[in-house]
Structures are given as C-alpha cells and as structure tokens.
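In: Sequence plus predicted model, see below.
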Amino acid sequence: MLAEIMIPVIIFFMAVVFAMGSGIMVVCAKNPVHSALWMVSTLFSTAVIYLILGFDFIAAIQVIVYAGAIMMLIIYMIMLTAIEDEIKRKYKLRLFQIVGIAFVVIFFIEAVKIGAGHLTGWEGLAWQHIPEKFGSVKYIAYQLFSKYVFPFEVTSILLLAAIAGAVVLAKKEKKN
Amino acid sequence: MHSHVIVTFLSVFLFSIGAIGVIVRRNAIVVFMCIELMFNSANLALIGFSHFLKSIDGLMLVLFVLAIAAAEAGVGLALFYLLFKNKGNVNLDKLNILKW
C-alpha cells in the first residue's frame, strides 16, 4: 500500500528535477544540437508530470507535437545553418544582459515568495483527489466541439495561414 | 501542500531559465528554443491551475497554445532559413538591417 502511494511521488519529483536540470542545460550547452536534445528531455519530463497529474491526452499531444514535430523542425534548421561560430564563441555579458538577468532573478524570487506562503506540509499528490474522467479524451472532445468550437475553427484558419506563409517564404524566387 | 505548488514552482523556474536564455544566447535558433521553453512553462502553469481548480478551461487553452506554437515554429523556421540564405548567419547581433 505504501509503495503504491510512494512510487508516483518519487517519479513526480524525479521528473521535476530532470525538467529543471535539462532546462538549465538548454541554456548552458554551447552546441545548439545539444541544447535541442536537452530541450527534448525537458519536454519529456513535463509530459511525465502531465501524466502523473492525470492528463494523459495532453501528455501524448506534448510528446507528439512538441518533442516530435517542433523539435524535429528545429534540429532540421540547425543542420541547415552553420553552427561552427556559435560553438567557438566566447560569451561576454554586456550591461543590458546583466540588467536583464537581474530582473529575471527578481521575478523568480518574488514568484517563489508568493508560492512559499502555501508551503504548509506534504499532503500527497493531488491526482488522488480528482474524478477519473477529468482530462479524458471524451471530455476534452466534448468541450472542444461545444464550448470551444469557435476558437477551434479560428485555429484551423491560423494553421492554414501558417502553411501558406511558410511555403511563400521558403519558395524559390523567380528570376526575370 | 499539494503537488500544485511544486508544479507552479517548476513553471516559474523554467520560465526564468527561458528568459535568461533569450537574453544571453545570440544564436536565433537557440533563442527560439528558449521561447519554446517559456511556452512550455506557461502550459505547465495552465495545467497545474486547471487541475487545482478542477476546471477544464486551462486544458483547452493548452491545446490552443500547442497549435499556435506549431504554426509559429513553421513560419519562424522558414524565416531563419531565408535569413541564413541571404545573410550567411543567424546571429542576432549582426542582424541589424532595420537599424538606421
């Protein structure tokens, strides 16, 4: 009984630690290909967290769309562009970068201070308290085609526009 | 404390890391990846709050964010391809043709 409760908790914290570590490595890796691979690791860890929270459909979509399609596009782009000078570059922080990092750190500390007010003691993973059907494909599909049908249609138009835009941008120019 | 606090903390952490990456890195594709990291952290926060409030709305928003991120990736990477073809690099410091 204890193992049934503890194993999801251990997996949850492992996923959190992996996501944080790979997130740091995305920024710190010199080679863009390495940073893309660490990004895939972050996305997988996030998908694991979605799974533990009970959103299995979103986890599958995350792996297929983000870790599959978008990261494949990015790695393809890295192969098409030259990365030698990026690997050799020495990073020297300039003034605006230092100020920017300081503001990001302030944002992080303030956000953690807000969250720290709710740290009262571990009560277990919250997925043990929600109904079974929440986040299931049937429920999501019902919502998608009733309440969210207009944003759904707008998204389809947006995707069509994106396809057309990408084709127009990348096609060969006519010589005349 | 439920796991929501941890999820929100992770979301804030990933967002800060992504923002630092956008500030520090100069390769356009790596900056693009850091922006995707920030999208991902926003998705994580939406999922966490949707779970906390037991409401499906945040989940639907995540679906639309995913669709828009995919569209953005397509157009953005076509732009980077054109930039590389015309300029020979994707370094953000050297792309200052709008500077006057």
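Out: Cool, got the structure.
In: Measure how far the one helix or strand in chain A whose mean pLDDT sits lowest is from the centre of its chain, please.
Out: The helix or strand of chain A with the poorest confidence is helix A:84-88; it has a mean of 73 (mean pLDDT, DSSP states H and E). Helix A:84-88 has its average C-alpha position 26 Å from the chain's average C-alpha position, going by C-alpha atoms, centre = their mean, to the nearest Å.
In: so what pLDDT did the residue most central in space within chain A get?
Out: A centroid search over chain A (C-alpha atoms, centre = their mean) returns A:L43, at 4.9 Å, as the residue closest to the centre. Among the per-residue scores, A:L43 holds a pLDDT of 94.
In: if we can go back for a sec, residues making contact with the least confident helix or strand of chain A?
Out: Residues external to helix A:84-88 that are found in contact with it (C-beta atoms under 8 Å, 6 or more residues apart in numbering or on different chains): A:30-32, B:26-27, B:30, B:89, B:91. C-beta coordinates here come from the backbone N, C-alpha and C atoms, glycine included.
In: try it again with 10 Å
Out: Counting contacts by C-beta atoms under 10 Å, 6 or more residues apart in numbering or on different chains, the residues outside helix A:84-88 that touch it are A:30-35, A:78, B:25-27, B:29-30, B:89-91.
In: Drop anything exposed from these.
Out: Those of those that meet the buried threshold are A:32, A:35, A:78, B:25-27, B:29-30, B:89-90, by 16 or more other C-beta atoms under 10 Å in any protein chain shown.
In: among those, which are in helices?
Out: Using DSSP state H, the subset of the buried ones among the contacts of helix A:84-88 located in helices is A:32, A:35, A:78, B:29-30.
In: Could you point out the longest helix of chain B?
Out: helix B:57-87.
In: name the helices or strands packed onto the helix ranked longest in chain A?
Out: Longest among the helix segments of chain A by residue count, using DSSP H, is helix A:2-28. When contacts are defined as 3 or more C-beta pairs under 10 Å, 6 or more residues apart in numbering or on different chains; DSSP states H and E, helix A:2-28 sits against helix A:32-53, helix B:3-24, helix B:28-53.
In: Out of the ones in helices among the buried ones among the contacts of helix A:84-88, which comes closest to A:G21?
Out: A:S35 (13.2 Å; C-beta to C-beta).
In: Tell me how many other residues crowd the residue lying closest to that closest one once chain neighbours are set aside.
Out: The shortest distance from A:S35 to any residue that is not its chain neighbour, by C-beta to C-beta, 6 or more residues apart in numbering or on different chains, is 4.2 Å, and that residue is A:A29. For A:A29, the tally of surrounding residues (other C-beta atoms under 10 Å in any protein chain shown) stands at 17.
In: Would you confirm that A:K147 belongs to a strand?
Out: No. Judged by DSSP: H, G, I helix; E, B strand; the rest coil, A:K147 forms no part of a strand; its state is coil.
In: List the buried residues of the least confident helix or strand of chain A.
Out: Judged by neighbour count (16+ other C-beta under 10 Å), helix A:84-88 contains these buried residues: A:E86.
In: can you check stretch B:47-58 too?
Out: Buried residues in stretch B:47-58, counted by 16+ other C-beta under 10 Å: B:47-52, B:56, B:58.
In: Using CSV, write out the CA atom coordinates for it.
Out: As requested, C-alpha coordinates have been extracted for stretch B:47-58 and formatted as CSV (Å, rounded to 0.1, in the frame of the first residue of the first chain):
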residue,chain,number,x,y,z
ILE,B,47,-2.2,22.6,-16.5
GLY,B,48,-1.4,22.9,-12.8
PHE,B,49,-4.1,25.6,-12.2
SER,B,50,-6.6,23.7,-14.3
HIS,B,51,-6.0,20.7,-12.1
PHE,B,52,-6.2,22.7,-8.9
LEU,B,53,-9.5,24.4,-9.8
LYS,B,54,-10.9,21.2,-11.3
SER,B,55,-11.8,23.1,-14.4
ILE,B,56,-11.2,22.0,-18.0
ASP,B,57,-10.7,25.5,-19.4
GLY,B,58,-6.9,25.7,-18.7
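In: The closest residue in space to A:V137 that isn't next to it in sequence is in what secondary structure piece?
Out: Closest residue to A:V137 in three dimensions, ignoring its sequence neighbours and counting by C-beta to C-beta, 6+ apart: A:F57, at 5.0 Å. When secondary structure is defined by DSSP states H and E, A:F57 falls within helix A:56-61.
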